Each structure stands twice: as C-alpha cells, then as structure tokens.
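Peer 1: attaching a predicted model along with its sequence, questions to come.
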Amino acid sequence: MDRSERILMAHGAGGYIMHKLIKEHILSILPRDSFEVGLHALDDSAVVNGVIFKSDSYTVKPLFFPGGDIGRLAVSGTVNDISVMGGEPIALSLALILEEGFPIDDLDRIIHSIADTCREADVYVVTGDTKVVEKGSLDGCIVNCSGIGRRSRYLDYNFDIVRRFRRDFKARWILDSNVKPGDKIIVSGTIGDHGVAILSCREGYGFESSVRSDVRPLNKMIEKALSVGGIVAMKDPTRGGLANLLNEWSEKSGVGILVREEDIPVRDGVRAACEMLGIDPLEIGNEGKVVIAVVAEMAEEILEALREAEGGEDAAIIGEATDEFEGVAMETLIGGRRIIPPPLGDPVPRIC
Ligand code: MG
C-alpha cells in the first residue's frame, strides 16, 4: 500500500472515489453487523431492531445560500434519509462544532432555521453537543445531525400493493436493491437546483443566477406516496445527483436503467449555468427531491400524488428499469443513446 496517500476533496464528493474509500478503508475494517439493514448495505439509513437510524454531517460552504442555510439543510437531509427507507422520522440529535470567533448572530440564525424546519417536518431535537475549535481550524461551523425513525404506518399497505403486481416480492423495507425490470422511475421535480444555487454565491465562479436551492424536508410528500402504494425503491439524489443514484440502483438491484433526457425536469437557469461551467446537471446534488421506483401499474397514481404535494409540482416519470442491458443509459434529445457512468464525484464540492 502507498503510505503517502492523502485525503482529497473528491473523497467527500459522493461518487465513485468516495465509495471506494468507504469500501477499502472503513467497511473492510469495521466488524460486520447482522441487522435488518446494516452498514454493508450502504443504504440511506440503517434499520436496527425495527428502528431506522441515520447520521449525517453538514459542511456546506457558504453556510447561508439562496433558498436555505446549513440548519435547514441538516434537518432536511437527515429527515429525508430516514423517510426514503419507508420511515417516519421522530427525533434528531444536533452536534455543533463552532470555530472560535464565529458570530453569535449567525449561530442564532442557524438555530432558528433548524427550529422552523423541525416544525415543518414535525420532528424534535432531543439531544446534542457543542464544541469549539481554534480559529482557522474550520470554516465557521460544522453540524452533525443524526436521527431515528419508526416504520411508516403506510409501509405494509404500500408493499401489499406491490405484491398485487409482483407476487414474489419479499423485502420488508424500501431498499436500493429492490428494483426489477419494468419498474418505472419517477423524480419529484427539477434537478440541479441546489448545486447551482451554491455555486452561484461562491466567489470566483463569475455568474449570477436566480436559481434557489430546493432544500426541504420530504417526509410528508413521501408519506403521501406510500399511502398510494406500489413503491419498491426510493432515494434522495444528493451528492453525485441523479447519475449516482441510478447507478447505485442499477448495481445493487442488478438491473439496467433507461431514462429519457426530454422527460428529466431541469430549470432553464440550471441548464444555462451547467452549460457555461461545463458540468452535467445529472451529476449535481439536490436536497429537496426524491427519486422513486414503482411497479409500472401504479406509476401514474404515484405521479399524481407527488404533483399534489408541496414541492412536487414538476414531478415526472423519467424512465424504467430493464433487463436489456446493464448499467444506466439515457435517450438523448437528439435521438441517440448515451451511457451514464457512475460519477467520480459531485462536480460541486461541499454542497451539503
Ligand atoms: Mg440519501
């Protein structure tokens, strides 16, 4: 092994490079658990004795950005990872690491934002920790937000509907490994908003944009979708965006996934910024979107439920799982087909 290897920004960017680090330097060393959904599943949350459990740290730069801030991001991110397992978030922890000299005014703004987002999602902070490090050790503030949830009251009903169309369906949780050929893929709205909003307020990128972050808790939207039924997999397209999400599903479920470029909702401002910067909207992180794999027979009803929910107005069916090929491919606007490889990492560093 090369002893001079060092951590790179790409190791935290949610793509292939990060997954490799986790597999080689963390998973291979920690003792293997045998919980319902354990660490080796590398799913959005774990499930331990029926309790859904999630931990996430937030290092977004800048701390305040168009459409949100690190506080709203922390609550939403943790709530969303619990919700996409088929869980109902209950309680959160809040650990703050503050830099010496950080304005108390900024801390107040962040905590008020956390309070507002907790009310929106109907969750509570019940435990926490506060630490301070010397000036220069970090950019102002880092937040860790962990959370627990219970099985959604609609999850068993959701699976009853799945089994109506897929008799041999056995999973007890919404998992990345549940996708089968024929399932429809739905996204709850436009992609790329969060990453572009973050970039637009960073120095040195030299572009103005009216794009705002989509950051929001999705538990209520997801609960509504589960009450319709037929969902097999769900995931939030955060770091590495839609491209990373679809590749994770393809790999863990052993299916091909075909999406259509013309059906993937992208705002004009996001498209323009991506073209200017030479980055792919499919690889940019989102913080208020969910992607759902659903049995084909229920796709239209799920789509309707998403569109009725707040933040789901632009939901769209973007493709389906297939056994005709492996990996992820996209039918492009000009009629060709291109492979969507797993991104090396999100093109925008420190977006969450
Ligand atoms: Mg997630």
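Peer 2: Looks like it arrived, so ask away. Numbers count the residues shown, from 1 in each chain.

Peer 1: look up how far Phe64 lies from the residue in the stretch 151-300 of the chain positioned nearest to the ion.
Peer 2: The ion sits closest to Asp236 of the stretch 151-300 of the chain, with a gap of 4.4 Å, by Cβ to the ion. All C-beta atoms are positioned from the backbone trio N, CA, C, and that covers glycine. Using Cβ to Cβ, to the nearest Å, Asp236 is found at 22 Å from Phe64.

Peer 1: check the secondary structure at the residue of the stretch 1-150 of the chain found nearest the ion for me.
Peer 2: When distances are taken as Cβ to the ion, the stretch 1-150 of the chain reaches nearest to the ion at Asp44, 3.8 Å away. In three-state terms, and counting by DSSP: H, G, I helix; E, B strand; the rest coil, Asp44 is coil.

Peer 1: and the closest residue to it other than its chain neighbours, which of the three is it?
Peer 2: Using Cβ to Cβ, 6 or more residues apart in numbering and skipping residues adjacent in sequence, the residue nearest Asp44 is Asp81, 4.2 Å away. Taken by three-state DSSP, the conformation at Asp81 corresponds to helix.

Peer 1: in the chain, where is pLDDT below threshold?
Peer 2: The model of the chain has pLDDT under 70 over residues 1, 204, 206.

Peer 1: okay, the residue nearest the centre of it and Leu42: tell me how far apart.
Peer 2: The centroid of the chain falls nearest to Asp236 when counting by Cα atoms, centre = their mean (2.8 Å). Per Cβ to Cβ, Asp236 is found 14 Å from Leu42.

Peer 1: what does this protein put close to the ion?
Peer 2: Contact residues (Cβ under 5 Å from the ion) of the chain with the ion: 44, 81, 236.

Peer 1: the last one is in contact with Ile82, isn't it?
Peer 2: No - taking Cβ atoms under 8 Å as the contact criterion, Asp236 and Ile82 are not neighbours in contact, 10.6 Å apart.

Peer 1: now for these two: what residues contact both?
Peer 2: Residues touching both Asp236 and Ile82 (Cβ atoms under 8 Å, 6 or more residues apart in numbering) are Asp44.

Peer 1: mind listing the helices for the stretch 251-352 of the chain?
Peer 2: Secondary structure of the stretch 251-352 of the chain (DSSP state H, counting those that start in this stretch): helices located at 268-277, 299-308.

Peer 1: deepest of the ones you listed, which one?
Peer 2: helix 299-308 (a mean of 18; mean count of other Cβ atoms under 10 Å).

Peer 1: other residues contacting that one?
Peer 2: Contacts of helix 299-308 (Cβ under 8 Å, 6+ apart): 184, 186, 188, 221, 224-225, 227-228, 230-231, 292, 294, 312-313, 315-317.

Peer 1: which of these fall in strands?
Peer 2: 184, 186, 231, 292, 294, 316-317 (DSSP state E).

Peer 1: so which bits of stretch 290-299 are buried?
Peer 2: 290-295, 298-299 (16 or more other Cβ atoms under 10 Å).

Peer 1: what are the ranges of the strands in this structure?
Peer 2: Along the chain, counting by DSSP E, strands occupy 46-48, 51-58, 64-65, 68-69, 87-99, 124-133, 141-151, 184-187, 231-235, 256-260, 291-294, 316-322, 327-331, 337-339.
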